[in-house]
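1. Predicted model and sequence below, questions to follow.
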Amino acid sequence: MDFKNPGALIEDNWRLSFLKNYFKKNSFKNATLLDLGCGSRPYYNIYYNYFEKTIGADLAGMPFPQKAIDIYCPATDVPMPDESVDCILCTEVMHDIKEPSELINECYRLLKKGGILILTTPYLVPIADGQWDNYRFTQYGLKYIIEKGGFKDLTIYPVSDVVGSGITLLVKPLLRFWNFLAKVTRINFFRQWYNPLLFITVMIPQLLYMALRPLPIFKSILRKFSYGPIGYITVSQK
């Protein structure tokens, strides 16, 4: 389990679990993956063993480790040839793009025939990135924009449900309080997950949800609340 982002345990671990299962079940021998908008490449340890070559691309000047990024560029203008990659992983990027269709078109250009686009985007989450945070997409909007870009065989998976979304929204202000306290006092301990009070107020509600949700009785109930997910994971083919 990943504790790096205490306020997003549900969504982060949901995506981690999905990607682990997806790459384990699908063959990508002698293939190239482009991690588009890669940031610090949090999913590198999941996918690198399944591809002959992996490439990380992100904007210059972003606060990410230099070693994580191979190509500095906008996600809508990648300096690579047409049909040069077999798989594109684009996580939590499209909502930051002012013209989302440009991102979809660029992914289509870069992928080989039959290539796979794995794209994730938020839905019920707070505005987090200031001027970069432009959109929230429903599954219907995602279907429209991705298929309009030429992709087919689209599958859309909700990330959690309205209960998980509610818990995530509730713990965000609490996490901000602990971050504020750490900043004011200059005591970094307050913002860490191993702060007992942060653990109880921010992490326990999320961990409890994650522990109960797989149980058959809760899984059956929560399935009725899938209309309000934290976000979506989409998989489509060129």
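-> Good, I have the coordinates. Numbering: from 1, shown residues only.
2. for the longest strand along the chain, packing partners?
-> In the chain, taking DSSP state E as the definition, the longest strand is strand 111-122. Applying 3 or more CB pairs under 8 Å, 6 or more residues apart in numbering; DSSP states H and E, one finds that strand 111-122 contacts helix 9-25, strand 85-91, helix 100-110, helix 139-148, strand 231-237. C-betas here are computed from N, CA, C, even on glycine.
3. Parallel or antiparallel, list what pairs with the last one.
-> This points to strand 231-237. Note on strand 231-237: by DSSP bridges, its sheet partners are strand 111-122 (antiparallel), strand 152-159 (antiparallel).
4. Strand 231-237 and the biggest helix by length in the chain, what's the angle between them?
-> Longest helix of the chain, by residue count under DSSP state H: helix 162-185. Comparing the axes of helix 162-185 and strand 231-237 via axes from the mean of the first three to the mean of the last three CA atoms, to 10 degrees yields an angle of 120 degrees.
5. buried stuff in the following helix or strand past helix 162-185?
-> As assigned by DSSP states H and E, the chain's next helix or strand after helix 162-185 is helix 196-198. Judged by neighbour count (16 or more other CB atoms under 10 Å), helix 196-198 contains these buried residues: residue 198.
6. what does helix 196-198 contact?
-> The set of residues external to helix 196-198 that reach it, using CB atoms under 8 Å, 6 or more residues apart in numbering, is 6, 174, 175, 178, 190, 191, 192.
7. contacting residues around residue 147?
-> Residue 147 sits in contact with 154, 236, where contact means CB under 8 Å, 6+ apart.
8. Give me the pLDDT for it.
-> Per-residue pLDDT puts residue 147 at 98.
9. any idea how far the residue in the chain sticking out farthest from the centre is from residue 51?
-> Distance from the C-alpha centroid of the chain peaks at residue 185, with 32.0 Å (CA atoms, centre = their mean). Going from residue 185 to residue 51 by CB to CB, to the nearest Å gives 45 Å.
10. Run through who's touching the longest helix of the chain.
-> With CB under 8 Å, 6+ apart as the test, helix 162-185 has contacts from 6-8, 10-11, 123-126, 160, 187-191, 195, 197-198, 201-203, 205-206, 209, 213, 222, 225-230.
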